[in-house]
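>>> here is my input; please provide its structure:
(one chain, ligands or ions: 2)
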Amino acid sequence: MLVGAHVSTAGGLRTALGRGASLGADVVQIFTQSPRAWRSPAHGEEELAAYRLEQARSDRVRATFCHATYLINLASSDEELLGRSRACLADNLAVATAIGASGLILHVGSHRGAGLATVCGQVADELLRALDTAARDVRVAGAAEAAGGDGPTCPLLLENAAGAGGTVGRTFEELSAIVERAGDDPRLGLCLDTQHLFASGVDYSSIEAADEVVRSIERTVGLGRLGCIHLNDSKVPLGANRDRHENLGEGEIGVEALACLLGHPALREVPAVLEVPGDGNGPRAADVAAARKVVALGLELRSAAAPSALAGPDRASRRGGGEELRRRGGRGAPT
Ligand SMILES: [Zn+2]
Ligand SMILES: [Zn+2]
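Ligands and ions are numbered 1, 2, ... in the order given. Predicted structure coming up:
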C-alpha cells in the first residue's frame, strides 16, 4: 500500500515533492490554492510543467493528489455561492489536471437541510460541467498528454463526510446517488476518509465490521471508484458528526480498528494519505512511519484471522462464520 501525507506548498507547488520525500511518503496531497479563500493564484505554465517533470523524476513520491477548496458548495441554493463554487472548482481542476494529479478530492457541500433529493441533480450537473470544462481547456492548451494515461482530466474524488448539518456524502448511498445521477461518469470516484467514516457513526473495530464497510462501498459507489483513502484518527467519538482529525493511535478510533480496515485485501492497492495534525504543522516523518505500522498490523490481523475461517464449518458457524465463508468463496463478486 502506498502511504503518504498532506504537505505544504509554501514556496511553490513543486516544493511539495521534496517535503513528501523528506517525510518518507510515497504519495503527497496538496492544496493548489488557499483552502479557505476563493481566489486562485496564477500558476504559470512553466511551474505546472516543472511539477510534472519533477514528479516523473522523483524516485520517492509516486503520485500527487489535490484537495479542493473547502468553500466550494455544489449543493447550495444561493446562486451567487453556487457560481463562485463553480468557478473555484474549475480553477482547482485545471491546476490538478495540469500537474498530472491522480485525483482532486472534493467535499461536495451542504444542502442546509433541503435534503439530498432536492440537490442531487444540481450537484451531478455541476460535477459534469467541471469535468467537461477541464477537458475542453486541456484540449485547448494541447496538454492532454499531461494528464496521465487515464483520460484528459484529473478524476474528481468525492469524499465521504463526517455528517454535520446538511453535508452531502455522509453515507456511501448518498455519494452513489450523485454518481448515478451523473450517468456513472468514469471520471468520478470516491475518497474514503477514516475519520469522517467513524464520525458519521460507522464502527470498524473488528475485521467483520471492517468487511461490512468494504461491502457497503461495493454495493453502492463500487470499489473500482475508490481512488484514495484519507488515513486519520479521530478527536471525537463514534457518531459525533464532526470533522476533527487526530494522529494515528492518539484518537478515538485507535490503531487496531484502522488496521482492520486498511488490511482488507480490496483496499491494499489504494493510496492512503495522512491529514493528521502532527505537532501542529501537519504530518511528520513519524506519522508516516506510524501509518506504515498500521498497514503492517492490518496484514498481520488479516493473516491471523484467515486460519480460523479455514478451520472448518463447525468453528466457522459458531462464530457466525457462514457468512465469512461465503465471502471468502465469492471475493470480488458483487453481493
Ligand atoms: Zn479527508
Ligand atoms: Zn476531514
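>>> bridging residues for whichever residue of the stretch 51-200 of the chain sits closest to ligand 1?
Nearest to ligand 1 in the stretch 51-200 of the chain, going by Cβ to the ion, is D193, at a distance of 3.8 Å. In this view, the C-beta of every residue, glycine as well, is placed from N, C-alpha and C. Taking DSSP bridges as the rule, D193 bridges to H230.
>>> enumerate every residue touching it.
D193 sits next to 159-160, 162, 229-230, 232, 275 when contact means Cβ atoms under 8 Å, 6 or more residues apart in numbering.
>>> got the residues of the stretch 101-250 of the chain near ligand 1?
193, 230 (Cβ under 5 Å from the ion).
>>> again, only this time at 8 Å
105, 159, 191, 193, 195-196, 230, 232, 243, 245 (Cβ under 8 Å from the ion).
>>> now those in TSV, with secondary structure?
Output for those, formatted as TSV (DSSP: H, G, I helix; E, B strand; the rest coil):
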residue	secondary structure
I105	strand
E159	strand
C191	strand
D193	strand
Q195	helix
H196	helix
H230	strand
N232	coil
D243	coil
H245	strand
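>>> coming back round to it: now the two most distant members of the contacts of D193.
Distance extremes for the contacts of D193: the farthest pair is A162 and I229 at 15.4 Å, using Cβ to Cβ.
>>> and the two? Which one has more around it.
Taking neighbours as other Cβ atoms under 10 Å, A162 and I229 compare with A162 leading, 26 against 23.
>>> my guess is the more buried one contacts N241, does it?
Yes - A162 is in contact with N241 according to Cβ atoms under 8 Å; the separation is 5.6 Å.
>>> picking that back up, and which of the contacts of D193 is nearest to G222?
The closest of the contacts of D193, once distances to G222 are taken by Cβ to Cβ, is N160, at 14.0 Å.
>>> ok, the closest one - contacts?
Contacts of N160 by Cβ under 8 Å, 6+ apart are 169-172, 175, 190-193, 196-197, 200.
>>> any weak-confidence spans in the stretch 101-250 of the chain?
139-151 (pLDDT under 70).
>>> redo that, cut-off 50
144, 148-150 (pLDDT under 50).
>>> which parts of it are helices?
Shown for the stretch 101-250 of the chain, the helices assigned by DSSP state H, counting those that start in this stretch span residues 116-141, 172-181, 194-199, 207-219.
>>> make JSON lines from the ones you listed and add mean neighbour count to it.
Output for the helices of the stretch 101-250 of the chain, formatted as JSON lines (neighbours: other Cβ atoms under 10 Å):
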{"stretch": "helix 116-141", "mean neighbour count": "18"}
{"stretch": "helix 172-181", "mean neighbour count": "20"}
{"stretch": "helix 194-199", "mean neighbour count": "28"}
{"stretch": "helix 207-219", "mean neighbour count": "18"}
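>>> what's the closest of those helices to T32?
The closest of these to T32 is helix 116-141. By Cβ to Cβ, the value is 12.8 Å.
>>> quick one: the closest one to helix 172-181, angle?
With axes from the mean of the first three to the mean of the last three Cα atoms, to 10 degrees defining the directions, helix 116-141 sits at 50 degrees from helix 172-181.
>>> V236: what's it in contact with?
Per Cβ under 8 Å, 6+ apart, neighbours of V236: 199, 242, 244, 252.
>>> which PyMOL command selects the buried ones in those residues?
Buried residues among these (16 or more other Cβ atoms under 10 Å), as a PyMOL selection:
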select buried, resi 199+244+252
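>>> pull the most distant pair out of the contacts of V236.
Maximum distance among these (Cβ to Cβ): 11.1 Å, for R242 and E252.
>>> where exactly do the strands run in the stretch 201-335 of the chain?
Per DSSP state E, counting those that start in this stretch, the stretch 201-335 of the chain carries strands over the ranges 226-231, 233-234, 245-246, 272-274.
>>> please identify the most buried of those.
The highest mean neighbour count among those, using mean count of other Cβ atoms under 10 Å, belongs to strand 272-274: a mean of 28.
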